[in-house]
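A.B. asks: Predicted structure and sequence below. I'll ask about it afterward.
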Amino acid sequence: MLPRRGFVLMAAAGAVLPAGAWAKPEEVEALIRAVAGGAVPKAGRVRLEVPELVENGNAVGMTVSLGADVPAGAVLTDIHVFADGNPRPGVAHFRFGKLSGGARVSTRIRLATSQTVHAVAVFADGSCWRDSVSLLVTLSACLDD
Amino acid sequence: MAVRPLLNVPREVRAGVAFEVRILIQHVMETGFRRDAVGMVVAQDIINRFECLVDGEEVFSATLHPAISANPYLAFSARLARSGTMVLRWVDDRGMEGEERVDIKVS
């Protein structure tokens, strides 16, 4: 058991809800540049599907796939997903191996607040493409209960 | 974790034709941001790594962060040229490992 005084002290020290511990859009841009090997990924080729209005941030269906503008022969190796309004910007990193049947992945993610979700696709030739979706979250993923 | 995941993989597929693999693993995916009734941080415990291989060759793998929902669901696809054993395995922050094997017949 944590004594009440201890809790109050922790709260005073900012430990209960650490301010400034959240991801920032600049931080996400830096991470995107890092996975792109320093380059700025162009918009296109990758398609991020998430609802634009989210009722429950605890489980938001997300699908990342490739668009129709991908040239034949281009091989996707990695997809990175970031969320710029979550406590931590990283969401997932997917790798597609030799036996992959197509560059498409679906999962469910948590979103703490209204924010922008980014998907970055890295191809075997080193080129990087991105897609971003700004969405509204009406019930955030619970962080403190 | 003793609970088996829900796994959807065809047992028989056509050579060179992509098929979908879907898995739902029961796991709390504790974010590490929540606090319990007395204000202590509940330690992060998520499945941080998932892999799918067929006879040692990679189909799909994922590095996951706390932003993945509880009871993680993953859907992806595979394409095989010959029969083999698909191994799906994952590990959480406590080192708890899970594994499923499916023999897939390619015709």
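C.D. replies: Structure received.

A.B. asks: and the helix ranked longest in chain A, how far from the chain's centre?
C.D. replies: Counting residues, the longest helix found in chain A (DSSP state H) is helix A:25-35. Counting by C-alpha atoms, centre = their mean, to the nearest Å, helix A:25-35 is centred 11 Å from the centre of its parent chain.

A.B. asks: and it, what does it pack onto?
C.D. replies: Judged by 3 or more C-beta pairs under 8 Å, 6 or more residues apart in numbering or on different chains; DSSP states H and E, helix A:25-35 is in contact with strand A:76-83, strand A:115-123. C-beta here means a position set from N, CA and C on the backbone, and glycine is covered the same way.

A.B. asks: hmm, try it at 6 Å
C.D. replies: When contacts are defined as 3 or more C-beta pairs under 6 Å, 6 or more residues apart in numbering or on different chains; DSSP states H and E, helix A:25-35 sits against strand A:76-83.

A.B. asks: what lines up beside the strand it packs on in the sheet?
C.D. replies: Strand A:76-83 has the following strand partners under DSSP bridges: strand A:90-96 (antiparallel), strand A:115-123 (antiparallel).

A.B. asks: and that strand with helix A:25-35, angle?
C.D. replies: Inter-element angle recorded for strand A:76-83 and helix A:25-35: 170 degrees (by axes from the mean of the first three to the mean of the last three C-alpha atoms, to 10 degrees).

A.B. asks: all strands for chain B, in order.
C.D. replies: Assigned by DSSP state E, the strands in chain B fall at B:6-8, B:12-13, B:19-24, B:47-54, B:57-64, B:73-78, B:84-92, B:97-106.

A.B. asks: So for A:Gly85, which of those strands sits nearest?
C.D. replies: Of all the strands of chain B, it is strand B:57-64 that lies closest to A:Gly85, at 18.6 Å by C-beta to C-beta.

A.B. asks: now the strands of chain B in CSV, with mean neighbour count and mean pLDDT?
C.D. replies: Putting the strands of chain B into CSV (neighbours: other C-beta atoms under 10 Å in any protein chain shown; pLDDT from 0 to 100) gives the following:
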stretch, mean neighbour count, mean pLDDT
strand B:6-8, 12, 96
strand B:12-13, 15, 97
strand B:19-24, 17, 97
strand B:47-54, 20, 97
strand B:57-64, 19, 97
strand B:73-78, 21, 98
strand B:84-92, 18, 97
strand B:97-106, 14, 96
